[in-house]
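Undergrad: Dropping the sequence and predicted coords here.
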Amino acid sequence: MNIDFSVEEAVSKRYSVRNYKEEEISEAEKRSIESFIKSLSNPFGSKVDFHYLDKQDMEDEEKLGTYGVIKGAKQYIGTTIKLESMALESLGYEFESLVLYLAHLGIGTCWLGGTFDREGFAEAMKVGDGEIFPIITPYGYAADHKHEMEIEMRKMIQADHRKSWNELFYKDDFSTALSKETAGDLAFALEMVRLGPSASNKQPWRVVIKDGALHFYEDKEPGYSDRFEYDIQRIDMGIAAAHFDISVNEKGIVGHFEIDMDPGIDSPENLEYVFSWVRD
């Protein structure tokens, strides 16, 4: 995967676009997007498959539904996985890498996990039996104004709000907040994590720096993280991993992820260890 753009610029440009212009994505840009997708990989080892849909090629467009959330979109990209250990994190990592690439190109996207007709899109995208189909995104150029439902949704989830550092990042345990000064050269990468998107903007990632390693936990919300046959917030953890990994790579900081390095830190009941990052 070749990230040849500023992650900070892409993160600042990205927002959930729900209203799209009629303007088509050029064939050259489509080829560039498909080439980038082919280059994608993730540090967790699970395979992520991507599926494309151009609505103008559909015989029965009425079968598709986004419950009024998306207006004007002509192209979609979907993802499928086999439900295995770290597959959801793998999907989140690769899909968010794509979203940032599209933001870099000036192309809008919107993560859809619970507001699309899975059956209709699965058929249109030729999703196979036995594949989990958690996420799709429309992609295209943002319209000049937001539609009414979009405005209301952004207000409801406080789309422009992000939790503060002392709610997300800790040193040694969950009672000691991590400062940017203490984070040192990792402060930029953690800030990019803080600004990441998440399902319903719940920002479930928590990070503890201990003995030189960073340990990522999921803040599991009862009744939400288990809405589907899978924990949708694990996808958010993959988003956090992508933001962190791309950022440290941009800064020339070398390290790798570990998935079996639970530091045994006493934590609130709702927090669950997911993975760690260690310097090389």
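TA: Sure, I can see it.
Undergrad: Any regions of the stretch 1-150 of the chain where pLDDT drops low?
TA: Applying pLDDT under 70 to the stretch 1-150 of the chain flags the ranges 57-63, 65, 67, 149-150.
Undergrad: What segments of it are helices?
TA: For the stretch 1-150 of the chain, the helices defined by DSSP state H, counting those that start in this stretch cover 7-13, 27-39, 87-104, 118-124, 148-156.
Undergrad: What residues of the second one count as buried?
TA: If I follow you right, that is helix 27-39. Neighbour counts using 16 or more other CB atoms under 10 Å place 33, 36-37 of helix 27-39 among the buried residues. Placement of C-beta: from N, CA and C, glycine included.
Undergrad: Redo those as TSV? Include distance to Arg18.
TA: Shown next, in TSV, are the buried residues of helix 27-39 (distance: CB to CB, whole Å):
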residue	distance to Arg18
Ile33	20
Phe36	23
Ile37	22
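Undergrad: circling back to that earlier point, just name the most buried of the helices of the stretch 1-150 of the chain.
TA: Each of the helices of the stretch 1-150 of the chain was scored by mean neighbour count; the highest is helix 87-104, a mean of 25, by mean count of other CB atoms under 10 Å.
Undergrad: Please state the offset of that helix from the chain centre?
TA: Relative to its chain's centre, helix 87-104 lies at 5 Å (CA atoms, centre = their mean, to the nearest Å).
Undergrad: just checking, what packs against that helix?
TA: Under the contact criterion of 3 or more CB pairs under 8 Å, 6 or more residues apart in numbering; DSSP states H and E, helix 87-104 touches helix 7-13, helix 27-39, strand 75-81, strand 108-109, strand 132-140, helix 233-250.
Undergrad: wait, which of these is closest to Lys21?
TA: Closest of the helices and strands packed on helix 87-104 to Lys21 is strand 132-140, at 6.6 Å (criterion: CB to CB).
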